[in-house]
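Visitor: Sequence and predicted structure below; questions after.
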Amino acid sequence: MQRQEAPLMPQDDRALERRATLAWNLFTELRKELLESQKLRAQIIGIKVTFVSTAFAVIAANLDKVYNSLLVIPAFAAISFDFLINSYSFSIRRIGWYCEHYLEPILRAGHDIPDGTLLWEEFLSQPKTKQFLAMVGNLGITILAFTAGAFAVVRPFRPGLSVTLLLTLVSLLVLDAWSYWFSKRGKFPPPAGAEGSNLAKQKGSTSNPAR
């Protein structure tokens with residue numbers, strides 16, 4: 001014999017409505033912060049492309065007057081810009097994860113939204129909504145800058161300077177790769193309670209890695 005759920009009392013309805021209103025206000029403010037972070041990240045990518053390409057052009061046009069090892073400057077700059085970009089990517093994903101796992105369940109319950117209707121962050125976590133082309137292009141620029149810088153350092157090879165610059169460049173590239181991975185795959189604490197934990201396990205702690 002199935003147990004029937006007890007109907008919500010008026011005070012329960014009011015409490016649920018207050019929670020939903022608070023969650024919506026917080027969701028709105030976090031969306032504003034997320035959009036601002038996305039805007040800043042796009043601007044940094046634009047600055048990176050402009051600076052790296054201009055630096056390469058200026059140095060390449062004056063190779064007869066300067067050391068070709070100066071080509072490591074655009075490589076160092078590209079990696080440094082990546083650190084900023086990855087930082088904003090992590091912030092964007094952190095906001096999206098919080099909205100999906102902490103706020104959207106409250107909004108769904110407070111407004112009686114059917115389970116079949118995906119809320120925005122839930123929708124973005126679906127495999128078919130992901131895209132990676134922008135970040136692939138950004139990393140491609142870094143790899144090209146690194147390759148040109150590394151080649152310039154060893155041609156001609158100067159034991160002290162070349163080894164130092166090459167090791168520094170490789171170390172920064174490895175750190176860049178790690179920061180990119182962490183910005184996409186770093187884990188966040190699941191919501192407290194069995195329901196929140198199950199939700200986090202089902203959807204994983206890498207929500208929206210392609211943002």
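Guide: Received, thanks.
Visitor: what comes up buried for stretch 26-33?
Guide: 27, 30 (16 or more other Cβ atoms under 10 Å). C-beta: built from backbone N, CA, C; applies to glycine.
Visitor: actually stretch 32-39, not the one I wrote
Guide: 34, 37, 38.
Visitor: Likewise for stretch 96-109?
Guide: 96-108.
Visitor: and if you look at stretch 159-179?
Guide: Those would be 162, 165, 166, 169, 172, 173, 176, 179, for stretch 159-179 by 16+ other Cβ under 10 Å.
Visitor: Just put the residues you listed in JSON lines and tack on pLDDT.
Guide: What follows is the buried residues of stretch 159-179, written out as JSON lines (pLDDT from 0 to 100):
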{"residue": "162", "pLDDT": "84"}
{"residue": "165", "pLDDT": "89"}
{"residue": "166", "pLDDT": "90"}
{"residue": "169", "pLDDT": "93"}
{"residue": "172", "pLDDT": "94"}
{"residue": "173", "pLDDT": "94"}
{"residue": "176", "pLDDT": "94"}
{"residue": "179", "pLDDT": "92"}
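Visitor: about what we covered before: out of the buried residues of stretch 96-109, which are inside helices?
Guide: 96, 97, 98, 104, 105, 106, 107, 108 (DSSP state H).
Visitor: Check the gap between the second one and residue 122 for me.
Guide: Read it as residue 97. Going from residue 97 to residue 122 by Cβ to Cβ, to the nearest Å gives 11 Å.
Visitor: now stretch 91-100: mean pLDDT?
Guide: Averaging pLDDT along stretch 91-100 gives 93.
Visitor: where's the residue positioned nearest the centre of the chain, which helix or strand?
Guide: Centroid-nearest residue in the chain, with Cα atoms, centre = their mean: residue 89, separated by 2.2 Å. Element membership of residue 89 [criterion: DSSP states H and E] is helix 72-98.
Visitor: which strands and helices sit next to that helix?
Guide: helix 10-61, helix 120-124, helix 133-154, helix 159-185 (3 or more Cβ pairs under 8 Å, 6 or more residues apart in numbering; DSSP states H and E).
Visitor: Let's see that with 6 Å instead.
Guide: Packing partners of helix 72-98 (3 or more Cβ pairs under 6 Å, 6 or more residues apart in numbering; DSSP states H and E): helix 10-61, helix 133-154, helix 159-185.
Visitor: hey, which helix or strand in this structure has the poorest pLDDT?
Guide: helix 194-203 (a mean of 44; mean pLDDT, DSSP states H and E).
Visitor: which ones are touching residue 110?
Guide: 16, 20 (Cβ atoms under 6 Å, 6 or more residues apart in numbering).
Visitor: 8 Å instead, please
Guide: 16, 17, 19, 20, 21, 23 (Cβ atoms under 8 Å, 6 or more residues apart in numbering).
Visitor: Among those, which one sits closest to residue 114?
Guide: residue 20 (15.5 Å; Cβ to Cβ).
Visitor: How about the closest one: what's its closest non-neighbour residue?
Guide: Spatial nearest neighbour of residue 20, chain neighbours left out: residue 110 (2.4 Å); criterion: Cβ to Cβ, 6 or more residues apart in numbering.
Visitor: pLDDT at that neighbour, what is it?
Guide: 87.
Visitor: burial measure for residue 17, as a count.
Guide: Using other Cβ atoms under 10 Å, the number of residues around residue 17 comes to 12.
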